[in-house]
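Colleague: Dropping a prediction and its sequence here:
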Amino acid sequence: MVRFFARPYVAGDSLAKAMEVAAGLHVERGIASTLDLLAEGIRDQETVERNVATYLAMVDAVASDRRFDGALDRPTLSLKPSSYTTSPLDLGGDARGAAQAVTRIVERAAERGVRVTVDMESRHWTDFTIGLLGGLAAAGHRHVGGVFQTRLNRTELDLDRLPPGLRVRLVIGIYDEPESVAVRDKRVMKERLLVAARRLFERGHYVEFATHDEAYVRRFLSEVVRPAGVAADRYEVQMLYGVPRDRLLGELREAGVRARLYVPFALGWPMAIAYLRRRLDEYPKMMFLVMRNVVRKG
């Protein structure tokens with residue numbers, strides 16, 4: 001059942017399959033991608049090492065694939081610090097080994113000219129991730145970006161802590177946070193996306209505006225990008241692989257706006273469970289879309 005419902009949103013169970021999806025998006029549709037290995041709930045060091053090895057292989061695969069025209073057309077890589085530790089912060093651990101593993105991947109990516117984004121996880125990881133981003137920036141890793149969630153009340157102040165010029169993906173976030181630290185109203189979260197994007201432009205950041213809400217994508221372009229007068233190489237719009245937004249993606253392409261799809265893959269279908277569960281919580285229509293696609297194919 002997990003494989004059935006996850007298939008439209010997960011690019012297969014291997015790096016090779018994910019690379020084929022990314023290349024197809026670029027060559028056939030002119031859409032960029034960011035690759036992510038689904039790897040959560042790590043219980044043993046062997047899995048940690050496998051995850052690191054997979055990301056090092058991802059760097060090399062992206063850098064050497066000639067189907068991508070240049071550095072900006074190559075897929076970026078997204079990674080979660082929790083994928084590299086058996087002591088996760090959200091379970092009271094100390095995240096031992098996570099920073100070292102991320103740094104190792106980032107250094108390989110710097111050598112090969114591949115951009116990396118450090119994902120933001122639940123509130124337990126926020127300070128750790130911001131500190132990690134700061135350390136990587138201080139070490140000269142300008143190819144690294146970060147993610148910030150507008151559902152968290154602290155994000156407005158966290159934006160003031162960003163290294164200069166950091167590439168930032170803005171999302172509402174998919175972690176179910178308590179009211180003591182986050183808003184529960186998605187409309188408020190989305191309004192915050194616009195406010196945060198405006199502030200980031202003012203400070204010279206590259207903005208990755210990530211949402212499936214077409215109205216807010218259009219408002220981002222008309223109310224934030226246009227008044228700010230920023231060039232097309234200062235921002236992009238991001239969405240999830242598998243969520244049907246073909247018309248909007250076509251409009252963005254015609255308007256010269258870079259669009260990028262988040263393309264996750266797994267090394268085993270069980271790893272798709274947590275991802276799919278959170279996506280269903282965030283976007284309940286996903287279940288309806290899967291069933292509609294099945295009916296159409298039938």
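Modeller: Nice, thanks for sending it over.

Colleague: which regions of the stretch 1-150 of the chain sit below the pLDDT cut-off?
Modeller: Applying pLDDT under 70 to the stretch 1-150 of the chain flags the ranges 1-6.

Colleague: how far out from the middle of the chain is stretch 91-105?
Modeller: Averaging C-alpha positions (Cα atoms, centre = their mean, to the nearest Å) puts stretch 91-105 19 Å from its chain's average.

Colleague: and if you look at stretch 201-218?
Modeller: 13 Å.

Colleague: Show me what counts as buried in that stretch.
Modeller: For stretch 201-218, a neighbour-count test (16 or more other Cβ atoms under 10 Å) marks Phe201, His205, Tyr206, Val207, Glu208, Phe209, Ala210, Thr211, His212, Tyr216, Val217 as buried. Just so you know, the C-beta spots here come from the backbone N, C-alpha and C atoms, and that holds for glycine as well.

Colleague: Return the subset of the residues you listed lying in helices.
Modeller: Counting by DSSP state H, these place Phe201, Tyr216, Val217 in helices.

Colleague: quick one on the thing from earlier: reformat the buried residues of stretch 201-218 as JSON lines; add pLDDT and distance to Arg154.
Modeller: Listed next are the buried residues of stretch 201-218 as JSON lines, based on pLDDT from 0 to 100; distance: Cβ to Cβ, whole Å:
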{"residue": "Phe201", "pLDDT": "97", "distance to Arg154": "21"}
{"residue": "His205", "pLDDT": "97", "distance to Arg154": "18"}
{"residue": "Tyr206", "pLDDT": "97", "distance to Arg154": "22"}
{"residue": "Val207", "pLDDT": "98", "distance to Arg154": "19"}
{"residue": "Glu208", "pLDDT": "98", "distance to Arg154": "20"}
{"residue": "Phe209", "pLDDT": "98", "distance to Arg154": "20"}
{"residue": "Ala210", "pLDDT": "98", "distance to Arg154": "19"}
{"residue": "Thr211", "pLDDT": "96", "distance to Arg154": "20"}
{"residue": "His212", "pLDDT": "93", "distance to Arg154": "24"}
{"residue": "Tyr216", "pLDDT": "98", "distance to Arg154": "22"}
{"residue": "Val217", "pLDDT": "98", "distance to Arg154": "25"}
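
Colleague: For Ala23, state which of the ones in helices among the buried residues of stretch 201-218 is nearest.
Modeller: Among those, Val217 lies closest to Ala23 (Cβ to Cβ), at 24.9 Å.

Colleague: Okay, the closest one and Asp176: tell me how far apart.
Modeller: According to Cβ to Cβ, to the nearest Å, Val217 and Asp176 sit 24 Å apart.

Colleague: Repeat that for Phe148.
Modeller: From Phe148 across to Asp176, the span is 17 Å (Cβ to Cβ).

Colleague: Who has more neighbours out of these two?
Modeller: Phe148 (25 against 12; other Cβ atoms under 10 Å).

Colleague: For the more buried one, which non-adjacent residue is spatially closest?
Modeller: Spatially, and ignoring its direct neighbours in sequence, Phe148 is nearest to Thr155 (5.2 Å; Cβ to Cβ, 6 or more residues apart in numbering).

Colleague: same question, Leu132
Modeller: Closest residue to Leu132 apart from its sequence neighbours, by Cβ to Cβ, 6+ apart: Ala99 at 5.5 Å.

Colleague: so Thr117 sits in a helix?
Modeller: No - counting by DSSP: H, G, I helix; E, B strand; the rest coil, Thr117 is not part of a helix but strand.

Colleague: That one is in contact with Leu170, isn't it?
Modeller: No - judged on Cβ atoms under 8 Å, Thr117 makes no contact with Leu170 at a distance of 11.9 Å.

Colleague: Neighbour count for the two, which is higher?
Modeller: Between Thr117 and Leu170, counted using other Cβ under 10 Å, the more crowded position is Leu170 (26 against 22).

Colleague: Got the confidence number for that one?
Modeller: With respect to pLDDT, Leu170 has a value of 98.

Colleague: so what does the helix or strand hosting it touch, helix or strand wise?
Modeller: Following DSSP states H and E, one finds Leu170 within strand 167-171. For strand 167-171, the elements it packs on are strand 144-149, helix 186-202, strand 207-210, judged by 3 or more Cβ pairs under 8 Å, 6 or more residues apart in numbering; DSSP states H and E.

Colleague: how about those, which one is nearest Ile130?
Modeller: strand 144-149 (7.6 Å).

Colleague: Show residues contacting that closest one.
Modeller: 76, 78, 106, 115-120, 129-130, 133, 136-137, 155, 158-159, 162, 166-173, 175, 196, 206, 208 (Cβ atoms under 8 Å, 6 or more residues apart in numbering).

Colleague: Good, we can wrap up now.
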